[in-house]
Structure formats: structure tokens, C-alpha cells
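# just a sequence and a predicted model for now, questions to come.
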Amino acid sequence: MAAVNVTAKGLLFDLDGVLISSIDSATRCWRRWAAMYDVPDAANFVLPHGRPARDIVIMLRPDIDPDEGLRVIEDMEMEDTGDIQVLPGVRELLACLPPERWTIVTSCTRRLLDARLKAAGLPEPDKLITSDMVTRGKPDPEPYLRGAEALGFAPEDCIVVEDAVSGVMAGVAAGCPVLAVLSSTPRIELKAATWIARSLAPVKVVADADGLHLTIPLARKN
């Protein structure tokens, strides 16, 4: 398997689909929400992965108060965390990273992020970016620009780690190199990423005074 060796000053991780998987919970909750709000074909609603929940509320029911709709879906998701899973290689990778060199940039709100990290048993970074901290969510570059700023590095010195099209677009637009993992989205849809890996399990990181040195085994093209 081909691999690349790259150096960065910081890593900007998406949450769901990169560090954890909460897709089953999210699907259950959004379908309940859609039925509650009389969205057509609610039982078959397919969640647009990687988009802020408030944007989805507005997309589905532009006539309701988006803040109230967001509160309802968040309450549902915070109560439904029993089958959240940490994705392969994540604990080992995070253990190799100095706390000042990584953060999470997510389309979750802060309270939902806290609930999911607690359920997963993962550490919370000192500085992070959630959807309620930005004006424009992914695919806009603002979240990842804010993430790089929070770490104190230039965007081009930070690697974005993503699994969704909207997140890859946000990272690219922010000027960051992007590592996409194939946990939720077909490879062909992630072709804008700088590198594509099957998962974080084989990714190795060594930290020193100069930064982070990554070895990334690349996913084979099918």
C-alpha cells in the first residue's frame, strides 16, 4: 500500500465520521424529528452528512423557529448516545498528539459535542470550534479558519481530517491540506481532498519540537 509522509503544525478533526460514529443515533433522531414536524416521507429521511443541524432544520421546515427546532433535535440526540462508537485508531492517534497541536471543528453545537465526547470516552481539546461559535457552517471555510486560528497556526500548516463532502470543501476553501477518510462517503465524492485513507487506524504520527510528522497509507483506487 502506498503511503505519504507529511509534516504539519496542527490537526483539525471533524467529529462524527472521523473520531466517532453516531450515524445510527442521528438517523433515528432526525426521522423522529421529521415525523414530529410533519416532514413528508419522514421514515425514510436521509441525513445530509456534515451539515449543521440548524441548517437542516431550515431546509426541512423553513416556516418554524429554527432555534426551537434545533433545541428539539439536540435534546433527542443528547438522550440517544448509547451506541456511539469510537472509530478505529482514534484513541491511539489522539494519545500521540500534544494537546496544543489538535482540536475538533464540528457541525455539532457545544452541548451536543460534550455529550458525544462523554459517551465515547474521548478527551476534549482545550480549544475547539462548534457550530454555535461560527456565523457560517461547513462547507464555508469559516469553521476551519477559526480552528487554525484557535491553535495559533496558519491554515496551510494545519491538516483537516474529514469524511464528508461539505467538510472537505470547507477545508479546501480554508487553504488547508485535507485528509479524507472513507467512513461515510464514497471515494469519488471526496476527490477534492489532498489524500484519502481508509481510516485513521494505519495513520502514524510522531510529534517533536518542529511539529507533527505523519505517515498516511493511502486508500487504493477501486
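Received, thanks. Just so we're clear, the structure is a prediction, and the values are computed from it rather than from any experiment. Numbering: from 1, shown residues only.

# okay, now the unreliable bits of the protein?
1, 222 (pLDDT under 70).

# hey, where'd the helices end up in it?
Taking DSSP state H as the criterion, the chain contains helices spanning 23-36, 53-60, 66-78, 90-95, 110-120, 142-151, 165-174.

# okay, those in TSV with distance to T135 next?
All C-beta atoms are positioned from the backbone trio N, CA, C, and that covers glycine. Formatted as TSV, the helices of the chain follow (distance: least, C-beta to C-beta, whole Å):
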stretch	distance to T135
helix 23-36	24
helix 53-60	12
helix 66-78	14
helix 90-95	29
helix 110-120	15
helix 142-151	6
helix 165-174	13
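
# out of these, deepest packed?
The highest mean neighbour count among those, using mean count of other C-beta atoms under 10 Å, belongs to helix 165-174: a mean of 24.

# report the angle between it and helix 53-60.
Interaxial angle, helix 165-174 versus helix 53-60 (axes from the mean of the first three to the mean of the last three C-alpha atoms, to 10 degrees): 120 degrees.

# contacts for helix 165-174?
Applying C-beta atoms under 8 Å, 6 or more residues apart in numbering, the contact partners of helix 165-174 are 12, 14, 48-51, 107, 138-145, 148, 155, 160, 162, 177-178, 180, 185, 189-190, 192-193.

# narrow those residues to those in strands?
Taking DSSP state E, the ones among the contacts of helix 165-174 that sit in strands are 12, 160, 162, 178, 180.

# weed out the non-buried ones from these.
Restricting these to buried positions leaves 12, 160, 162, 178, 180, with burial counted as 16 or more other C-beta atoms under 10 Å.

# which among those gets closest to R31?
Distances from R31 to these, taken as C-beta to C-beta, are shortest for E162 (24.8 Å).
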